[in-house]
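Asks: sequence first, then the predicted structure, then my questions.
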Amino acid sequence: MENISSTQIKSSNKFLNHNIKLCENIISNVDIIKKGFVNCDDIIIRDLSIGDKYNLKAALIYIDGMINTEVIELSIMNKLNNCTCKIRSKEYFKHLFGINDKDVTSEMDVIFKSILQGKAVLLIDKINFALVLNFENPPKRDISEPSIEINIRGPREGFTESLTINVCLLRKRIKNIDLKVEHFIIGKQTETDLKIVYLDNITDKEIVDEVRTRIKKIDLDSIVDTSNVEECISDGGTFNFIPTAFHTEKPDTASRKILQGKVAILVDGSPTVLVVPCTFIEHLQAQEDYYNNHVLATIDRVIRFISFLLALLLPAFWVSISTFHHELIPTSLVVTVIKTRSGLPFPTLVEAFFMLAAYEIIKEAGIRMPESIGQAISVVGALVLGQSAVSAGLVSTPMVIVIAVTGIATYVIPSVELTRSIIFPKYAFLLLGGSFGLIGLLSGMLFFLVYLLSLRSFGVPYLSPFGPLDSEKLKDTIYRKPISRDKSNKGFMNLVKKKLKNK
């Protein structure tokens with residue numbers, strides 16, 4: 001029998017020590033595990049015996065609440081109690097419990113990892129290997145409709161926090177042998193499971209290789225959500241505020257992206273899937289576009305694009321023309337503006353900053369408050385604050401209208417990430433327009449456009465197919481081409497390959 005030193009036992013809580021192996025003494029093996037899980041009261045160690053005749057000691061170890069105890073009673077206890085064979089080989093126990101080679105181990109670090117992953121580990125006396133039994137039953141949420149991506153038409157299913165369920169939701173929609181699923185473990189402390197999903201016959205190999213490389217380079221202690229992964233693998237540098245990856249909580253949206261030759265990244269514990277590469281125009285598209293008539297879908301996309309421009313530029317445009325370019329305003333409206341601004345204590349620029357800041361505060365309060373009263377607070381707060389500010393002579397009525405239109409236009413944008421990302425350029429444009437007029441605003445717009453043109457998402461130009469312009473790939477941008485004429489999903493990846501070759 002192999003002797004286990006006290007030094008090994010003291011260091012056993014560092015279970016990544018690959019030098020620790022099981023011995024044939026179950027008491028020593030269980031002692032190491034107890035030392036490793038010291039002060040972990042949710043670790044269950046059940047003492048068992050095998051058969052009435054041979055009376056071998058055994059121990060079943062698992063985390064309370066992570067294992068299906070009913071299955072344990074049926075699949076483990078009955079088999080152990082009825083076991084009368086003296087054979088103690090790996091093959092015998094593999095056949096008895098229906099497990100394969102990877103579920104039989106002598107490494108202590110593998111045992112600790114398996115327990116932490118929600119599996120059960122069976123130790124048997126006089127045997128120097130353990131059996132890893134997969135009876136996982138962790139707490140999980142039922143499949144429901146996402147609270148953000150809401151469709152009038154189309155599927156109501158949404159991703160959950162279970163990685164296994166999320167992969168199954170994609171498999172259910174893409175019944176293709178070329179749908180590949182690759183597994184990674186990231187996070188030094190959390191040991192988080194991550195999977196990438198892609199179509200091998202469509203997705204460009206260079207894209208997949210780049211995704212693998214960036215994921216393997218992640219060097220963090222904890223990964224709890226796809227947003228952590230996005231921050232580590234996204235293009236644009238540390239200070240980039242533009243989303244170069246696409247987020248979705250809907251399996252149908254992720255499936256369509258995969259069918260276009262993209263890579264989906266799923267993280268255990270996160271109901272959001274990350275899709276790369278991503279272009280700017282995708283943030284103005286919605287999955288519901290493909291469930292409606294293509295003419296109506298095109299109109300919706302045009303409305304979203306106009307709303308994006310309004311949300312980004314309207315306050316700055318109004319401040320610039322009302323401060324520096326009165327000649328651009330109709331005469332009758334100029335008179336009204338002058339009347340409403342008479343007696344106001346602040347210039348138009350300060351007024352706009354104040355109203356935009358108030359809008360952001362009300363919006364944040366509506367998000368953080370309970371759902372039942374959050375919407376009411378947002379609406380009532382905006383009405384009361386706007387009316388009170390006008391009555392108190394702090395802001396003008398046209399400014400309240402401008403900020404209201406800006407806020408409504410913001411909610412038309414389907415991508416939450418894009419909505420958040422334009423907050424910074426919105427204030428920058430406002431400052432330029434309020435300080436230098438339309439010249440400052442146009443200069444800021446030009447700089448912002450150049451910045452967008454410089455961005456890449458895993459090698460794909462962020463403004464493609466507009467910049468550089470490719471008329472052949474404009475079929476599903478602002479205009480939604482009829483599905484009957486779009487029989488191939490390889491259009492996007494043809495663009496990807498073309499851009500990669502030109503690098």
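Replies: All right, it came through fine.
Asks: what sits against I242?
Replies: G236, F280, S421, Y451, L452, L455, Y462 (CB atoms under 8 Å, 6 or more residues apart in numbering). For the C-beta atoms, the positions are set from N, CA and C on the backbone; glycine is no exception.
Asks: rerun that using 6 Å as the cut-off
Replies: S421 (CB atoms under 6 Å, 6 or more residues apart in numbering).
Asks: for my notes, confirm it occurs in a helix.
Replies: No: I242 is assigned coil when assessed by DSSP: H, G, I helix; E, B strand; the rest coil, not a helix.
Asks: how far away is it from E70?
Replies: Plainly put, I242 is 50 Å away from E70 if you go by CB to CB, to the nearest Å.
Asks: show me what the closest residue to V211 other than its chain neighbours bridges to in the sheet.
Replies: Of all residues not flanking V211 in the chain, V263 sits nearest, at 5.0 Å (CB to CB, 6 or more residues apart in numbering). Counting by DSSP bridges, V263 forms beta bridges with V276.
Asks: what are the ranges of the helices in the stretch 101-250 of the chain?
Replies: 108-116, 163-173, 205-216, 226-233 (DSSP state H, counting those that start in this stretch).
Asks: mean confidence for stretch 305-322?
Replies: Regarding stretch 305-322, the rounded mean pLDDT is 95.
Asks: contacts for it?
Replies: Residues contacting stretch 305-322 (CB under 6 Å, 6+ apart): 284, 328, 348-349, 352, 402, 406, 409-410, 412-413, 422, 426, 429-430, 433-434, 437-438, 441.
Asks: please apply the same query to stretch 419-436.
Replies: 241-243, 312, 315-316, 319-320, 349, 352, 410, 413, 440-441, 444, 448.
Asks: about what we covered before: point out the most buried one among the helices of the stretch 101-250 of the chain.
Replies: By mean neighbour count, with neighbours taken as mean count of other CB atoms under 10 Å, helix 108-116 ranks first of the helices of the stretch 101-250 of the chain at a mean of 21.
Asks: now it: mean pLDDT?
Replies: 88.
Asks: quick one: distance of the longest helix along the chain to the chain centre.
Replies: Criterion DSSP state H: the longest helix present in the chain is helix 423-454. What separates the centre of helix 423-454 from the centre of its chain is 30 Å, taken as CA atoms, centre = their mean, to the nearest Å.
Asks: ok, residues contacting the next helix or strand after it?
Replies: Per DSSP states H and E, the first helix or strand lying C-terminal to helix 423-454 is strand 456-457. Strand 456-457 is touched from outside by D235, T244, P277, C278, with contacts defined as CB under 6 Å, 6+ apart.
Asks: of these, which is the most crowded?
Replies: P277 (31 neighbours; other CB atoms under 10 Å).
Asks: list the contacts for that residue?
Replies: With CB under 6 Å, 6+ apart, P277 has these contacts: S457, F458, V460.
Asks: export those to CSV and tack on distance to A59?
Replies: Output for the contacts of P277, formatted as CSV (distance: CB to CB, whole Å):
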residue, distance to A59
S457, 51
F458, 48
V460, 53
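Asks: nearest to I43, of these?
Replies: Among these, F458 lies closest to I43 (CB to CB), at 41.8 Å.
Asks: next, the closest residue to that closest one other than its chain neighbours: phi, psi?
Replies: Excluding its sequence neighbours, the residue lying closest to F458 (CB to CB, 6+ apart) is P277, at 4.2 Å. Per-residue torsions, P277: phi -70, psi 170 (degrees, to the nearest 10).
Asks: all strands for the stretch 101-250 of the chain, in order.
Replies: Taking DSSP state E, counting those that start in this stretch, the strands of the stretch 101-250 of the chain run over residues 104-105, 120-124, 130-133, 179-186, 192-199, 246-248.
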